[in-house]
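1. My questions concern the predicted model and sequence given below.
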Amino acid sequence: MKRLVVKYELLNLRREKLLLLLFAASSLFAVLAFYNGYRFSQNQALAVTAAQQEQQTANNTIRQGLAERQARQGPLNWWDDKHDLRGQAFYLMVNYATKAPLPTAAIAVGQADIQPYFFRMLVTEKQHVLHQYDYTHPLALLLGQLDLAFVIIYLLPLLLIGACFNALSEEKQSGQLRIMMLQGISPATLVAAQILVRAGAVMVPFLLISNLCLWLFSPGITFISLLIFSLLVLLYTGFWLALTAWVISLGKNAANNAARLVTAWLGLVIIVPAVLNILIMTLNPSPSRLVYVDQMRSHTDKVNQQAAQTLANFFQDHPELAKTGTATNDYATSKIAKILAVEQAMQPFDDAFVKVLHKQNQQAGWLKHLSPATLLHAALIDLAGNGQLRHQAFMQEVQQHHQKLQTYFASRIALAAQNGDFAPCSGCNARVTLADASDIPVFSSQASLLPIPYGAMLMLVLLIVLLTFASTKALSKMHQAQSQTVLV
Amino acid sequence: MLKETTQAVIEVCELKKAFADYQALKGISFTVNAGEILALLGPNGAGKTTTINCLLGFLQPDSGTVSIGGINVQHDVVRARQQLAYIPEQVALYPRLTGLENVSYMSQIAGISLSRNEYRALLEKVQLPAHAIDKAISTYSKGMRQKVGIAIALAKQATALILDEPTSGLDPSASYEFSQLLGQLAGQGVAILMATHDLFRAQEDAHSVAILNQGQLVHRLQGQDMQDVQLESLYLQHIRREALC
């Protein structure tokens, strides 16, 4: 029976030219959205590659220019000298911490358009490197680029509602339903077949094109990523179809169905995320950035004023670097000591930001379950590698890398100072203290495992089951005798 | 002529139905036998459509029973519906499908699977113009749609046919053709219940007439009585009397 209804529904939609329209709209959305997300991820990939190449070139230049530097007789400032540890540490070093886009990045730009994905590292206060942007929780960035995630979350439900809102109700209003029911069809069968055909016209081209584009243009993308992506899309659209079926099963007219469904869309996709944002921001306000900058300046001034004390504290903390008293007069060691002192003083302020962000994320993690839109958004940006999870991991890695660089340069600079490498004789250039940059720590990121959003999937399945159960029950009642809802 | 049989196909017994405080049906009873055409007459609001909706299983009677082919509609609506065909005032079909496709679709829903030529033959039998058979229903006149409705009933081989104002809005020629088709169906033993305002067609086509007013069956005519009476004056007499009361 269902196959028969599907066949004639297809024929009917084809004659209405609706099938072609849905097919075209869905295909166009898929291509546009993929292109936009892909272009964005490609730009990021190019920037990351360029940074890595620049780092490699700089290292090569150090190696290749070593002989010339050693032969050089004329005066050379250390801050212009590529072969001086101090010049490298504070000004010249080309050392990047990068977050390369994942092969799935084209699915959702997410927060990647505002969060930094590469840092040029120097031996300076980490606050100058890492904290140059405002933290914000994932839900705050729900509205974003026209990428696949945007089309899936915002536009597909509208297309599906537009295609399906009058299923059954049009037959009811025109009187066809009574004739069809007298012929023996059940309203549930009719609705299921109609929704299946109409949703198919939207979903089949969208999934085919988006998966094909991802597979063709995102080298390295795995089958499991595509499978998770498709499953998430199907479950999310399944929710909207189940909701549509449920609204239809209430037996109202088509206009009423449309009004209810659009209201549901507005509520779940626009209003709920906005309310959640306000709630999260109100409950967990971020510390003042102005206060932070003010504190940074104040601590820097204080450290500069107490330079001798700061250096003494540094050697107390690092006795291995204080073998001789000569180090105390070295500018570079003194600078590193000041950097560490400022970092230490600012740590409570950094922690305050991290704490708030942690709370915001925690609450967003729970509250996202209030709307399928926020649930799917979080799942898609995590899948794309452009969400908070991966970014936080990246920021931790950057911080660790920064520490490694500081340790590397602090110990070597102190040693070089003790050896008198920076001032071998009065008026002459410093000795070469960095002959090869290859042992400078290089940033490496642990490839994070693909997060499988079981929670989101389960939640969507649950909603679909509940709505399908409710609509099947209501439609079965309609099929029974004396169902006045069939009458117009 | 009424086929010589007394097998009751459509049975309505002490049917009562109220909508809130309004008593739409006050315990009406009638039967339609196989091969009989019963015209159900009455002014607007008399209860004709309510009676039909109870027979189709779309309304729950407050009391009384309705059955089709011996099957109680309240007890087994699916089986009862298998016995009947229904033609409303406006035959609602899929406007973008052709007449042939509509008959084929509706018949297959009812579990009747015929060849394309057999469906075409059915449409020819109900005198749908040959050039219209493969055209979209949206291009059809009301009379042509009624004929498609009859073809669907024919394909289903229903034992009972219920019509609600079938000739309303049809021109005399289309109305006449439609009457001929009803006569043919009755001749094949189909019990036909036709709610109508068209007294002329009722007198011409029906084997019996039931006049319904304010939810009550106020008069029933059948057999020889149909020939001897001026239906219009009888109808007006009953309706006016009730109005004066």
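-> Sure, I can see it.

2. Count the neighbours of A:Val461 for me.
-> Here the number of neighbours of A:Val461 (other CB atoms under 10 Å in any protein chain shown) works out to 13. Bear in mind the C-beta positions are built from the backbone N, C-alpha and C, glycine included.

3. May I have the secondary structure class of it?
-> Reducing the assignment to helix, strand or coil with DSSP: H, G, I helix; E, B strand; the rest coil, the entry for A:Val461 is helix.

4. who touches it in this structure?
-> With contacts taken as CB atoms under 8 Å, 6 or more residues apart in numbering or on different chains, A:Val461 has the following neighbours: A:Leu235.

5. what about residue 43, how many neighbours?
-> Reading this off chain A. By other CB under 10 Å, 11 other residues sit near A:Asn43.

6. actually it's chain B I care about, not the one you picked
-> By other CB under 10 Å, the burial measure for B:Pro43, its neighbour count, is 16.

7. Now do the SS call for it.
-> Judged by three-state DSSP, the three-state class of B:Pro43 is coil.

8. repeat for B:Ala195
-> In terms of secondary structure, B:Ala195 is strand; the call rests on three-state DSSP.

9. Does it touch B:Glu165 like I think?
-> Yes - taking contact to mean CB atoms under 8 Å, the distance of 6.3 Å between B:Ala195 and B:Glu165 places them in contact.

10. per-domain residue ranges of chain B.
-> Residue ranges for the domains of chain B, per automatic domain parsing: B:1-83+B:160-245, B:93-157.

11. Mean pLDDT lowest where, among those?
-> Taking each of the domains of chain B in turn, the lowest mean pLDDT turns up on domain B:1-83+B:160-245, with a mean of 84.

12. how about that domain, does it reach chain A?
-> Yes - contact of domain B:1-83+B:160-245 with chain A (CB under 8 Å from any CB of the partner chain) involves B:Asn53, B:Leu56, B:Gly57, B:Phe58, B:Leu59, B:Gln60, B:Val73, B:Gln74, B:Val77, B:Val78, B:Arg81, B:Gln82.

13. Quick one: closest of the domains of chain B to A:Leu266.
-> domain B:93-157 (32.0 Å; CB to CB).

14. Find out how far that closest one is from the centre of the chain, if you would.
-> Averaged C-alpha coordinates place domain B:93-157 at 18 Å from its chain's average position (CA atoms, centre = their mean, to the nearest Å).

15. Can you show me the strands along chain B?
-> Under the criterion DSSP state E, strands of chain B are mapped to B:8-19, B:22-33, B:37-41, B:63-68, B:71-72, B:84-87, B:160-164, B:191-196, B:208-213, B:216-222.

16. Please pick the buried ones from the residues of domain B:1-83+B:160-245 next to chain A.
-> Neighbour-count burial within those applies to B:Asn53, B:Leu56, B:Gly57, B:Phe58, B:Leu59, B:Val73, B:Gln74, B:Val77, B:Arg81, B:Gln82; the criterion is 16 or more other CB atoms under 10 Å in any protein chain shown.

17. buried stuff in stretch A:210-225?
-> Within stretch A:210-225, the residues that qualify as buried are A:Ser210, A:Asn211, A:Cys213, A:Leu214, A:Ser218, A:Ile221, A:Ser225, counting by 16+ other CB under 10 Å.

18. And the furthest pair within these?
-> Taking every pair in the buried residues of stretch A:210-225 and measuring CB to CB, the maximum separation is 13.3 Å, between A:Cys213 and A:Ser225.
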